[in-house]
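1. mind folding the following:
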Amino acid sequence: MALPIAGVPGLIVAHGFGINSLNIWIAIGAGIAIFSTLVVLIRFRQRQQELPLPTIYLARHCQTAWNREGRVQGTMDIELSPEGALDAELNLSAIRGLGIQQIICSSAKRAMQTATIYAQGLGVPLQSSPQFRELDHGEWEGQRIKDILNLPNSPYERWMADPGAVLIPGSSETALTAQQRMLNGVREICSTYSGKTVLVVGHKHILAILSCALKKCPLIQFRKEIVESTLPYQISIETVLPIRSVTDTGERCNPGVSDV
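-> Down below sits the predicted model:
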């Protein structure tokens, strides 16, 4: 009486094919193929994990007329002012020494125009991404900051103090959901541009929100992470892998941002 055999040969018996040398060799071949596939997948994952991380710089877009007037821009598609375009040209002297190989920018016009000046001046490729657009500022867009700061119990001031706890009236997203899309953008850069030096051209508030996550800062530190300069600054992503958002207000910031 034949003894039952586990695995693929056992299945063969169960289906009535019987045990013979051909079926045994088929089972062995299938086992070898499965094992080889697993080895390839494991080695592929190991190679992915061993790939060097990119060097990432962040930069705010250059000046628009609304910046000069102190108005909230948010999702409004405002062009660079002549002064802003000149600032971008002047920034090139500092950017050339960074070894930038790829530029990725917000899909907003002001960021695209800034990034285009950089890409043309450096002779590097440019890609736009909606993941790096500015946070939707809802009803505040187009208003002067000083006017909404003067409102009773100013929601703008309360939002600046803790954007994770205060919703912008009329906004389509929260600071935390915006933070997640930015982190997704950083993950894509890490997987696509391994070992390269990448410049991300974005916006003041959204870059500060991203910096909070990359440095493991709670969003109550948001105001301290705002960079007014349009010159690039390097961020550290090694200390926050796996990259995640941070909502625990008890966590402290890690160092990792340096101005050019």
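2. those helices in the chain, which residues are they?
-> Here the chain has its helices, by DSSP state H, at 8-14, 21-50, 65-69, 82-95, 109-122, 145-149, 155-161, 175-192, 204-214.
3. and those helices, which is most packed in?
-> Mean neighbour count (mean count of other C-beta atoms under 10 Å) peaks for helix 204-214 among the helices of the chain, with a mean of 24. Where you see a C-beta, it was placed from the backbone N, CA and C, and this is true even at glycine.
4. which helices and strands sit right next to that helix?
-> Of the remaining helices and strands, those touching helix 204-214 by 3 or more C-beta pairs under 8 Å, 6 or more residues apart in numbering; DSSP states H and E are strand 55-60, helix 175-192.
5. I'd like those written out as CSV, with mean pLDDT and distance to Leu126 added.
-> Conversion of those to CSV gives the following (pLDDT from 0 to 100; distance: least, C-beta to C-beta, whole Å):
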stretch, mean pLDDT, distance to Leu126
strand 55-60, 97, 13
helix 175-192, 94, 14
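6. and of these, who's closest to Gly29?
-> Nearest of the helices and strands packed on helix 204-214 to Gly29, taken as C-beta to C-beta: helix 175-192 at 34.7 Å.
7. helices and strands around the closest one, which ones?
-> By 3+ C-beta pairs under 8 Å, 6+ apart, helix 175-192 packs against strand 197-202, helix 204-214.
8. out of those, the one nearest Ile168 is which?
-> Using C-beta to C-beta, these put helix 204-214 closest to Ile168, at 10.2 Å.
9. orientation of that closest one relative to helix 175-192 in degrees?
-> 70 degrees (axes from the mean of the first three to the mean of the last three C-alpha atoms, to 10 degrees).
10. offset the numbering so it begins at 10, please.
-> In the new count, where the first residue is 10, that last one comes out as helix 213-223.
11. quick one: mean pLDDT for helix 213-223?
-> Across helix 213-223, pLDDT averages out at 95.
12. what is the burial count for His146?
-> 22 (other C-beta atoms under 10 Å).
13. tell me who's in contact with it.
-> For His146, the contacting residues are 81-84, 177, 180, 214, by C-beta atoms under 8 Å, 6 or more residues apart in numbering.
14. repeat that with 6 Å
-> Neighbouring residues of His146 by C-beta atoms under 6 Å, 6 or more residues apart in numbering: 81, 83, 177.
15. do the same with Asp171
-> Ile229.
16. per-residue pLDDT, it?
-> Looking at Asp171, the pLDDT reads 96.
17. next one: the one 5 residues further on
-> Per-residue confidence (pLDDT) for Leu176: 95.
18. contacting residues around it?
-> Residues counted as contacts of Leu176 (C-beta under 6 Å, 6+ apart): none.
19. quick one: low-confidence ranges for the stretch 60-209 of the chain?
-> Counting by pLDDT under 70, the stretch 60-209 of the chain has no low-confidence residues at all.
20. hmm, 80 instead?
-> 60 (pLDDT under 80).
21. chain center to stretch 212-222, what's the gap?
-> Computed by C-alpha atoms, centre = their mean, to the nearest Å, the chain-centroid distance of stretch 212-222 equals 10 Å.
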